[in-house]
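[1] Okay, here's the prediction I keep looking at, along with the sequence it came from:
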Amino acid sequence: MSRFSYSTTGSEVVAAFAEQVTGKTFVITGASDGGLGAGVAVSLAAAHPATILLLGRTENKVAPVIDTIQKISPSTTVLFVEIDFASCASVRTAAAKVGDIVENIDALINNAGIMGAKFSLTPENVESQFGANHIGHFLLTNLLVSKQNAIGKGARVINVSSQLYQFSPVRFDDYNFSNGAVFNTWEAYGQSKTANILFSVALAKKLAERGVRSYSLHPGNIQATKLSSQIDPAEFPIVGQMIVDKKIAMPREKTIEQGTATTLAAALDPELDNASGAFLDDCNVATPLAYASSQENAEELWALSEKIVGQNFSY
């Protein structure tokens, strides 16, 4: 029985597993000030990790987070690495920089994401939410494993998903929504969040012999982040009705501190050692819908993702 629940904070998780943090190296994507990634990084600082790399698009949005971490833990090396997850070229450049900076990564936390975007295509001709939320992280993770040899035995890969994955399975035959002709931004977001879960399922199997574990998770209903700040207000009644129609149980709201807890449990909790590939909610293992936990779907997504990025990864 986990010691953690809905109300657990990220700081409480780090305090419980400080020995899993001290002297270790963490890479966190999407760490702009005020967001979940920033909250995760600041919570980790209390236990004095050796290195935290913060990957994002805009350095000045991450600079306050770096300042806060350095005040909490002056011994921790904290660096910003520029990346645009909608561009495979940018991801490749960032992965090379990360590989130059660190030799090992104890936890790669794939937290960055966009939500509710209008229809657009990435340079690889992929719908933007699927591209930024999944394809970019798929490429980064695999480059750090196979090219940089940056993740060693006992490390973890964390993919931040959402309960809104229930909006859509991965549309393997039409992930671009007929080039926007049948586009629904919430189905597109759901598809990308389902992909996050399936990616962890695939990683858990493929990297088991290397001792690398992977988890996906729902951080909670957190309105305090800026994730929804760019959404057209006309979309909110639509998403509200979809939640009702699909009978999605939305829990009461969490603070950012509470919202970081499940990510940190996925990265640190030794009780999860035998649950690689699991989907977590409120710091505990949960059961996603069949289309999001199917090994067959995970393999199909892997093959599709390799095709999109133009590179095969074998383990």
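    Yes, it's here.

[2] Let me know the next secondary structure element after the helix or strand that contains Gln191.
    Under the criterion of DSSP states H and E, Gln191 resides in helix 185-206. Scanning forward in sequence from helix 185-206 by DSSP H and E, the next helix or strand is strand 213-218.

[3] Just name whatever secondary elements that following strand is in contact with.
    strand 151-160, helix 185-206, helix 261-268, strand 279-281 (3 or more CB pairs under 8 Å, 6 or more residues apart in numbering; DSSP states H and E). Placement of C-beta: from N, CA and C, glycine included.

[4] can you list contacts of the next helix or strand after the shortest one?
    Looking back up the chat, that one is strand 279-281. Later in the chain than strand 279-281, the nearest helix or strand by DSSP H and E is strand 284-286. Residues from elsewhere that reach strand 284-286 (CB atoms under 8 Å, 6 or more residues apart in numbering): 2, 4-5, 218, 272, 275, 278-280.

[5] Can you flag the buried ones in those residues?
    Buried by 16 or more other CB atoms under 10 Å: 4, 218, 272, 275, 278-280, out of the contacts of strand 284-286.

[6] In CSV: the residues you listed, plus distance to Ile72 and pLDDT.
    Putting these into CSV (distance: CB to CB, whole Å; pLDDT from 0 to 100) gives the following:
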residue, distance to Ile72, pLDDT
Phe4, 22, 95
His218, 27, 97
Leu272, 26, 96
Ala275, 30, 97
Ala278, 30, 98
Phe279, 31, 98
Leu280, 26, 98
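
[7] for those, which one is nearest Ala303?
    For the buried ones among the contacts of strand 284-286, the closest approach to Ala303 (CB to CB) belongs to Phe279, at 21.4 Å.

[8] Show the contacting residues for the closest one.
    Contact analysis of Phe279 by CB under 8 Å, 6+ apart lists 161, 197, 200, 215-218, 285-288, 292-293.

[9] Could you work out the end-to-end span of stretch 79-92 for me?
    End-to-end distance for stretch 79-92, by CA to CA, to the nearest Å: 18 Å.

[10] With stretch 20-33 instead?
    In stretch 20-33, first residue to last residue: 24 Å (CA to CA).

[11] And that stretch, what's buried?
    Applying a neighbour-count criterion of 16+ other CB under 10 Å, one finds 20-21, 24-33 buried in stretch 20-33.

[12] any weak-confidence spans in the stretch 1-150 of the chain?
    Counting by pLDDT under 70, the stretch 1-150 of the chain shows low-confidence ranges at 1-2, 146-150.

[13] So which residues of it form strands?
    With strands called from DSSP state E, counting those that start in this stretch, the stretch 1-150 of the chain shows them at 25-29, 51-56, 77-82, 105-110.

[14] Tell me how far the closest residue to Tyr291 other than its chain neighbours lies from Pro288.
    In space, Tyr291 comes closest to Pro169 once its chain neighbours are excluded; the distance is 4.1 Å by CB to CB, 6 or more residues apart in numbering. According to CB to CB, to the nearest Å, Pro169 and Pro288 sit 11 Å apart.

[15] What of Gln311?
    From Gln311 across to Pro288, the span is 28 Å (CB to CB).

[16] now Ala155
    Look at Ala155 and Pro288: by CB to CB, they are 23 Å apart.

[17] Kindly report the same for Val102.
    With CB to CB as the criterion, Val102 and Pro288 are 32 Å apart.

[18] same deal with Thr255?
    Thr255 sits 25 Å away from Pro288, going by CB to CB.

[19] try Thr260
    Distance of Thr260 to Pro288, computed by CB to CB: 21 Å.

[20] Check Leu217 too.
    From Leu217 over to Pro288 (counting by CB to CB), the distance is 11 Å.

[21] With Gln163 instead?
    Distance, Gln163 to Pro288, by CB to CB: 9 Å.

[22] Work out for me the element Pro288 sits within.
    Counting by DSSP H and E, Pro288 is found in no helix or strand.

[23] Around it, how many other residues sit close by?
    21 (other CB atoms under 10 Å).

[24] From what I see, it and Ile197 are in contact.
    Yes. At 5.6 Å, Pro288 and Ile197 qualify as touching, with contact defined as CB atoms under 8 Å.

[25] Can you work out which residues contact both of these two?
    Common neighbours of Pro288 and Ile197 are listed as 165, 279 (criterion: CB under 8 Å, 6+ apart).

[26] so what's the closest residue to Ser75 other than its chain neighbours up against?
    Spatial nearest neighbour of Ser75, chain neighbours left out: His48 (5.9 Å); criterion: CB to CB, 6+ apart. His48 makes contact with 21-23, 73, 75-76, according to CB under 8 Å, 6+ apart.

[27] farthest pair in the residues you listed?
    Val21 and Ser75 (12.4 Å).

[28] what residues are up against Glu235?
    Residues in contact with Glu235 (CB under 8 Å, 6+ apart) are 116, 185-186.

[29] any chance of these in CSV, with neighbour count too?
    What follows is the contacts of Glu235, written out as CSV (neighbours: other CB atoms under 10 Å):
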residue, neighbour count
Gly116, 19
Thr185, 22
Trp186, 21
